[in-house]
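> Just to be clear, the model below is a prediction. Sequence and coordinates:
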Amino acid sequence: MKLKKHGRYEYSPIIERTNYDWPEGKRLAFYIGLNIEHFSFGEGLGHTPTNPGVQPDVRNYAWRDYGLRVGIWRIFDLLDEFDLPASHLMNTSIYEYAPQIPSRIRERNDEFIGHGITNSEQQGDYPEKQEKALIRAATAVFRENEGDGPGGWMGPWISESAHTPDLLKEEGYKYIMDWSCDDQPTWMQTRAGPLLMLPYHIEINDSPAQLSRRHTASQFTEMVCSHFDEQMSLSDQQPLVFSLALHTFVVGQPYRLAGLRDILTHICKHPQVEKVWFARPRDIYTHISSLPKGTIPGDRFTVQES
């Protein structure tokens, strides 16, 4: 059987790559990716902490809406408490439904990441023309409200078609967070030029960990802290990226919020915290783009753009 290939990047073992530093000699780039998602009532896809009900599934819809009405504001306050930057993977329907949320993101000087219009749909099974229209429509809303489109994108449900990276590059995106295949950024090939793949850790994503795999809040806290400690140790060998993927309706629940506080305390008070670069994805992209050609996997096959 001949295996199909995606043609986006070539195999590159991490032990054979060029060593480099993050700014100021840091070794571990840390970023928070908070998913801010909005759903259609009574139809479409949606996260569920319990078995889905008959539509309109009020129980699960309201549970998700708690994340926007309560959870996110607790998370914002916690990030302020630790003075941490964040990036926000936001459905653009939030602008109409809850405009106070993007306002708070602006006040914090955080980063907006493209995340479709709503998580009631996924683009992976759309024809190319329809997917292009979705990406363009979502990007236009950001441009209307923020003056510019986001630099990065993650598809709703991390869903892609065979054309998604090409369409994103053509729409002006610089990096993508759907491909969780590495602990370092890697240049991806598209028909329109290079697109950076930014690490986004599925294993320590609060939604699959606690909703799908049914880990408890304390188990999730232990997992994330262990992941961080091991990456901190490994970063002596290679510069790495640590991403903490969160959802307002998951970690925004009080007992899970307490676990998030423990996680951030562990990280911010780590005895080697001076090795950590607290960044946003746009900062990581800017630094990677500044490195000499031949440093980052994939850059010798493409022409880099800053």
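Yep, that arrived.

> Which residue ranges of the stretch 51-200 of the chain form helices?
58-66, 72-82, 94-97, 100-107, 128-146, 164-170 (DSSP state H, counting those that start in this stretch).

> Helix 100-107 and the fifth one, what's the angle between them?
With axes from the mean of the first three to the mean of the last three C-alpha atoms, to 10 degrees defining the directions, helix 128-146 sits at 70 degrees from helix 100-107.

> Of the helices of the stretch 51-200 of the chain, flag the one that's most buried.
Compared across the helices of the stretch 51-200 of the chain, helix 164-170 shows the largest average neighbour count, a mean of 22 (mean count of other C-beta atoms under 10 Å). Heads up, the C-betas are built off the backbone N, CA and C, glycines and all.

> so what's Leu79 up against?
Leu79 sits next to Ile32, Pro85, Ala86, Arg108 when contact means C-beta atoms under 8 Å, 6 or more residues apart in numbering.

> I would like the residues contacting stretch 226-243, please.
Residues outside stretch 226-243 that contact it (C-beta under 8 Å, 6+ apart) are 14-15, 17, 19-22, 26-33, 183-185, 198-201, 203-204, 266-267, 270, 272, 275-276, 284.

> try 6 Å this time
14, 20, 22, 27-31, 33, 183, 199-201, 204, 267, 272 (C-beta atoms under 6 Å, 6 or more residues apart in numbering).

> Name the residues of that stretch that are buried.
His227, Phe228, Gln231, Met232, Ser235, Pro239, Leu240, Val241, Phe242, Ser243 (16 or more other C-beta atoms under 10 Å).

> Could you report the neighbour count for Arg17?
By the other C-beta atoms under 10 Å criterion, the neighbourhood of Arg17 contains 15 residues.

> for it, what are its contacts?
So Arg17 contacts nothing (C-beta under 6 Å, 6+ apart).

> Stretch 34-48: how far from the chain's middle?
17 Å (C-alpha atoms, centre = their mean, to the nearest Å).

> Flag every buried residue along it.
Neighbour-count burial for stretch 34-48 [16+ other C-beta under 10 Å]: Leu34, Asn35, Ile36, Glu37, His38, Phe39, Gly46, His47.
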